[in-house]
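Enquirer: only geometry, no sequence info:
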């Protein structure tokens, strides 16, 4: 079902309204006819971070470990055609993904969305109301290693030196401001860590974040004295 179209009157809205306080559970409400329909309002988990930190590789590995509880998707799948909007925060691209994830979660499983995004790009959109919460885990990497990974990419991906420098600036910004964002962004260092190990850490984070019974805490994540997620460098570097 499309959460933007009323099942009774067929009215379309680009500003969905969800009553999360209904005693029977979340309810999707039509502003035109007042129709109220049960709606699965689940958490959305974003595995994010700068390009080159391993998101696409991890996404493939998560399919096996999380497929019984989640639907794992990669953002770049829709980075095409008219969705490549030129706005800095790419609202059309972001909106399309939130609408897609909201429809998928009606099947009863939360979505794990892998791709570069930060809270300001999702949290201000009207479709944010369709999720109980959005949690973010940013894969990070040593700057020198990150630059080397980007230089090694195929030519069609167009990673020239100016673009690499821009990504290094972005990575530094994410690391410095992750704890200040709303909600805060967890960080996980992938430097020198096999992809399989990183995928295990991400899977633990996903299970813990959604309160899965018996899910162990992610070994690579801990909080510092100020409550900021920090890296456990011993097992990850």
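Expert: Thanks, I have it. Quick caveat, the model's predicted, so the values are computed rather than measured.
Enquirer: isn't residue 181 right up against residue 122?
Expert: No. Counting by CB atoms under 8 Å, residue 181 does not reach residue 122; the two are 10.8 Å apart. From N, CA and C alone the C-beta is placed, and that goes for glycine too.
Enquirer: Comparing those two, which residue is more hemmed in?
Expert: Between residue 181 and residue 122, counted using other CB atoms under 10 Å, the more crowded position is residue 122 (22 against 15).
Enquirer: The more buried one and residue 98 touch, don't they?
Expert: Yes. Between residue 122 and residue 98 there is a contact at 6.7 Å, judged by CB under 8 Å.
Enquirer: Any buried residues in the helix or strand harbouring residue 102, and which?
Expert: Here residue 102 is covered by helix 91-104, with elements defined by DSSP states H and E. For helix 91-104, the neighbour count (16 or more other CB atoms under 10 Å) marks 93, 94, 95, 96, 97, 98, 99, 100, 101, 102, 104 as buried.
Enquirer: That one: what's the following helix or strand?
Expert: strand 111-114.
Enquirer: who touches that next one?
Expert: Strand 111-114 is contacted by residues 42, 44-48, 55-56, 58-59, 62, 66, 70-75, 97, 101, 104-105, 206 when judged by CB atoms under 8 Å, 6 or more residues apart in numbering.
Enquirer: From those residues, which land in strands?
Expert: With DSSP state E as the criterion, strands contain 44, 45, 46, 47, 48, 71, 72, 73, 74 from among the contacts of strand 111-114.
Enquirer: Greatest separation within these: which pair is it?
Expert: Largest separation among the ones in strands among the contacts of strand 111-114 by CB to CB: 48 and 71, giving 17.0 Å.
Enquirer: of these two, who's got more company?
Expert: Using other CB under 10 Å as the criterion, residue 48 and residue 71 rank with residue 48 on top: 24 against 17.
Enquirer: any idea which residue sits dead centre in this structure?
Expert: For the chain, residue 46 is the residue whose C-alpha lies nearest the centre (CA atoms, centre = their mean; 1.4 Å).
Enquirer: OK, contacts around that residue?
Expert: By CB under 8 Å, 6+ apart, residue 46 lies in contact with 112, 113, 114, 115, 117, 122, 134, 135, 136, 137.
Enquirer: Out of those residues, which comes closest to residue 158?
Expert: The closest of the contacts of residue 46 to residue 158 turns out to be residue 115 (CB to CB; 17.7 Å).
Enquirer: Which parts of whichever strand in the chain runs longest count as buried, going by neighbours?
Expert: Counting residues, the longest strand in the chain under DSSP E turns out to be strand 134-140. For strand 134-140, a neighbour-count test (16+ other CB under 10 Å) marks 134, 135, 136, 137, 138, 139, 140 as buried.
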